[in-house]
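*Asks:* Take this sequence and fold it.
(one chain, ligands or ions: 1)
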Amino acid sequence: MKQLFFLFLFTSTILLAQEKNCGSNLRLNKYYKTNPEAKKIRSTLEEKTTKFQIQKEINTTIPVVVHVVYKNGNENISNAQIQSQLDVLNKDFTRTNTDAFNTPADFLPVVSNTQINFCLAQQSPKGNPTNGIIRKQTTTNSFPLFGNAIYYDSLGGSTAWNTQKYLNIWVAEIENGILGWAQFPAAGDTNTDGVVIDFEHFGTIGTAIYPYDLGRTATHEVGHWFNLYHIWGDNSCGNDYVNDTPIQEQGNFGCKIHPHISCNNSGDMFMNFMDYTNDACMNSFTEGQKDRIWSSISNWRTGLLTSNGCVPTTIPNSDAGIISIIEPNNQNSNCASPIYPKVVLKNYGLTNLNTVTIEYNINNNNSTYYSWNGDLETNEQDTILLSALSSTGTSHLLNVSTQNPNNSTDINPSNDKETKIFSSISGEQVQLNIMTDNYALETSWILLDQNNNTIDSGDSLTNNTLYQNNYCLAYECYKFVINDSHGDGFCCNFGNGNFSVTSSIVNNQYVQNVPFTFTDTSYFCLGNTILTEKNESFKIHPNPTNGNLWINADLTHNNNTPIFARILNNLGQSVLSTKIVNNKIDLSHLNNGVYQILIETETKQYIHKIIIQK
Ligand SMILES: [Zn+2]
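*Replies:* Purely as a prediction, here's the structure:
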């Protein structure tokens, strides 16, 4: 029994190791399920493909960028291993592979040199010199077939270079023994349009493992990327839309001996790169497949033909550019106006960068210019907080670019600019500041909107600590309440507690610190809004007043604590908080103007406009 169990384990391990597993069609079918319109787009592409007449004698070189996404050193494959894969692609697609002689004689009339070459990119999308290899360390153990994390920096992968201009190949540990996959033309997002290969089946040296150790996984997947289907059409005797490949029953594994007959053919073309045989047993594309490859380029991947990715470039003496925009970002809610862009400047030049002009605008309107001065060595960066830009509406495109590095003409303008789409809400950025005293546990606070909805609150505070919270508040009125459970306020017998609400942008103070015992309530309004009037059973006189104001209302507080009148100016800012004594207050030291008076008891709220005229 024990022996049988051992045998079973042994057998299944061998099967796992031998079964070729390409994920391209599984991803394609999943994409069709969630994007039914894609099927229609791809069938239009198929019609064009059928009609396509190949222009003979075309040679093209496709720029390749390889993203090595690794967790451990073993997965961080060498440049030599990457180059070995490029060599295989170049040989296989031009039929200069040394095993081409293995093609059986009866297939020789149809096999092809596709006239496709590949280079490791010599210049990046921004026109900077590159070796075409990006290395990104990740904390992800392995990437699954149906995930997209590998395609994004932010998700532990590596973000694609312009997929219309480059063939992006990601090399990483893939889950569940899948060798790799490709995205067919018009079958997915542009950010995911490329090829993913397991690091143990990439290239011919280093980590490459038998029987998929001769770089044919990438040849096969790049074939899919060029719109080639599996040679058996993923169906029993299915259609691969190529006339010169025999119909065959299914994928062949391992190595076969010609003729291997199925579906009444005169032999499967198991040595075709689009079959499933071992790397050592495949060696050919056909003329029909070449037509499909070129059709996919002419009808869908046209950007490759004009890409300058394979053209070497040199580093200019003076060359600067914006490499990223940190703020605004959509993780925080940005107030519509103004925004403060935070950007990263990089010196791409050979000489130190000392001056550059930064131009920035929103939606291409009214540029603002910032003169940067400093000293950045080659490839050094500086984070810059630019001055305010005002904006209207909620959806924006921020453009930031550099000009005149070191007062000279910019040789490479393609790396100057960064853009960012961001959304914002209408409102103003305000900061709530609270400094606690020696008994912070007695302190609590709450920030409410005019309808008493809580925006934020705080308790369980730490002694003698400054809390600063930023909020983007809509142009409305607000109430800030601070409490001390012990009734001794928080200044200044046991520490120097204080509070305020200020503008984060301009030097405006909306709520000022006042001494209190158990509680204090402050009101403030933003953007010229005023509190909604509430004046039931409430009379003030005279109005206009020269300063003395009588309040005719029931102002008894249940616990006999004093009642305050709060005066807000026409900007909605609190200008006075004064105790009502014998139904009277004195406003004579306020300037002439229009104000709002606000009086709150435990059950009632009085808000009314008053005019001071002395
Ligand atoms: Zn495949």
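
*Asks:* got the phi/psi numbers for the residue of the stretch 351-500 of the chain found nearest the ion?
*Replies:* With C-beta to the ion, the shortest gap between the stretch 351-500 of the chain and the ion falls at residue 414, namely 35.2 Å. (Each C-beta comes from the backbone N, C-alpha and C, glycine too.) Main-chain torsions, residue 414, degrees, to the nearest 10: phi -70, psi -10.

*Asks:* how near is it to residue 240?
*Replies:* Plainly put, residue 414 is 40 Å away from residue 240 if you go by C-beta to C-beta, to the nearest Å.

*Asks:* and the nearest residue to residue 82 once chain neighbours are set aside, which of the three is it?
*Replies:* Once flanking residues are discounted, residue 82 sits nearest to residue 66: 5.2 Å by C-beta to C-beta, 6 or more residues apart in numbering. Following DSSP: H, G, I helix; E, B strand; the rest coil, residue 66 is assigned to strand.

*Asks:* In this structure residue 66 contacts residue 119, no?
*Replies:* No - Residue 66 is beyond contact range of residue 119, at 11.5 Å (criterion: C-beta atoms under 8 Å).

*Asks:* Any idea what the residue nearest to residue 82 is bridged to?
*Replies:* With DSSP bridges as the criterion, residue 66 is bridged to residue 133, residue 169.

*Asks:* one step back: how many residues are close by the closest residue to the residue of the stretch 351-500 of the chain closest to the ion other than its chain neighbours?
*Replies:* Of all residues not flanking residue 414 in the chain, residue 127 sits nearest, at 3.9 Å (C-beta to C-beta, 6+ apart). For residue 127, the count of nearby residues is 20 (other C-beta atoms under 10 Å).

*Asks:* Who are the contact partners of residue 127?
*Replies:* 313, 412, 414-415 (C-beta atoms under 8 Å, 6 or more residues apart in numbering).

*Asks:* And those, which is closest to residue 570?
*Replies:* Using C-beta to C-beta, residue 415 comes nearest to residue 570 of the contacts of residue 127, at 49.9 Å.

*Asks:* For the ion, what is the nearest residue in the chain?
*Replies:* residue 22 (3.0 Å).

*Asks:* partners of that residue in the sheet?
*Replies:* Bridge pairing for residue 22 - DSSP bridges - gives residue 180.

*Asks:* Which helix or which strand is home to the residue nearest to residue 414?
*Replies:* Using DSSP states H and E, residue 127 is not contained in any helix or strand.

*Asks:* Domain map for the protein?
*Replies:* 21-234+285-306, 320-425, 428-612 (automatic domain parsing).

*Asks:* Report the rounded mean pLDDT for the first one.
*Replies:* Right, the one you point to is domain 21-234+285-306. For domain 21-234+285-306, mean pLDDT is 94.

*Asks:* Would you mind naming what in this protein lies close to the ion?
*Replies:* 22, 24 (C-beta under 5 Å from the ion).

*Asks:* And stretch 240-248, end to end?
*Replies:* 10 Å (C-alpha to C-alpha, to the nearest Å).

*Asks:* Which residues outside that stretch are in contact with it?
*Replies:* Under C-beta under 8 Å, 6+ apart, the answer for stretch 240-248 is 46, 49-50, 110, 228-233, 237-239, 262-263, 265-270, 272, 274, 286-289, 291-292.

*Asks:* change it to 6 Å
*Replies:* If you take C-beta atoms under 6 Å, 6 or more residues apart in numbering as the criterion, stretch 240-248 is touched by 110, 229, 231-233, 237, 262-263, 265, 268-269, 286-289.

*Asks:* Same question for stretch 478-494.
*Replies:* 437-439, 442-449, 497, 499, 501, 511, 515-524.

*Asks:* just the buried members of these?
*Replies:* 437, 439, 442-448, 497, 499, 501, 511, 516, 520-524 (16 or more other C-beta atoms under 10 Å).

*Asks:* Show me these that map onto strands.
*Replies:* Among the buried ones among the contacts of stretch 478-494, the residues falling in strands (DSSP state E) are 443-448, 499, 501, 511, 520-524.

*Asks:* Make CSV from the residues you listed and add pLDDT and distance to residue 321 to it.
*Replies:* As requested, these are exported to CSV (pLDDT from 0 to 100; distance: C-beta to C-beta, whole Å):
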residue, pLDDT, distance to residue 321
443, 90, 49
444, 92, 49
445, 93, 45
446, 93, 47
447, 93, 42
448, 91, 46
499, 89, 44
501, 89, 40
511, 83, 43
520, 84, 52
521, 82, 51
522, 82, 47
523, 82, 48
524, 83, 43
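
*Asks:* three-state assignment of the residue nearest the centre of the chain?
*Replies:* For the chain, the residue sitting closest to the mean C-alpha position, by C-alpha atoms, centre = their mean, is residue 154 at 6.2 Å. For residue 154, the secondary structure call by three-state DSSP comes out as helix.

*Asks:* ok, it - contacts?
*Replies:* Residue 154 sits next to no residue when contact means C-beta under 6 Å, 6+ apart.

*Asks:* Residue 596: neighbour count?
*Replies:* 21.

*Asks:* ignore the last one, residue 21
*Replies:* 17.

*Asks:* Look at the residue lying closest to it once chain neighbours are set aside and say how many residues are nearby.
*Replies:* Distance criterion C-beta to C-beta, 6+ apart; nearest residue to residue 21, sequence neighbours excluded, is residue 178 at 4.9 Å. Applying other C-beta under 10 Å, we find 21 residues neighbouring residue 178.

*Asks:* right, and residue 178 touches residue 25 too?
*Replies:* No - using C-beta atoms under 6 Å, residue 178 is not in contact with residue 25, being 11.8 Å away.

*Asks:* if we can go back for a sec, who touches the residue nearest to residue 21 in this structure?
*Replies:* Going by C-beta under 6 Å, 6+ apart, residue 178 touches 21, 23, 145.

*Asks:* Ok, residue 27 next?
*Replies:* residue 181.

*Asks:* and it, what are its phi and psi?
*Replies:* Residue torsions, per degrees, to the nearest 10, at residue 27 are phi -70, psi -40.

*Asks:* Quickly note the distance from it to residue 189.
*Replies:* 12 Å.

*Asks:* If you count surrounding residues, which of residue 414 and residue 240 has more?
*Replies:* Taking other C-beta under 10 Å, residue 414 and residue 240 do not tie; residue 240 has more neighbours (22 against 15).

*Asks:* Contact partners for residue 212?
*Replies:* So residue 212 contacts 179, 201, 279 (C-beta under 6 Å, 6+ apart).

*Asks:* Need the nearest residue in space to the last one, chain neighbours excluded.
*Replies:* In this case it means residue 279. residue 214 (3.6 Å).

*Asks:* ok, the one you found - how many residues close by?
*Replies:* 23.
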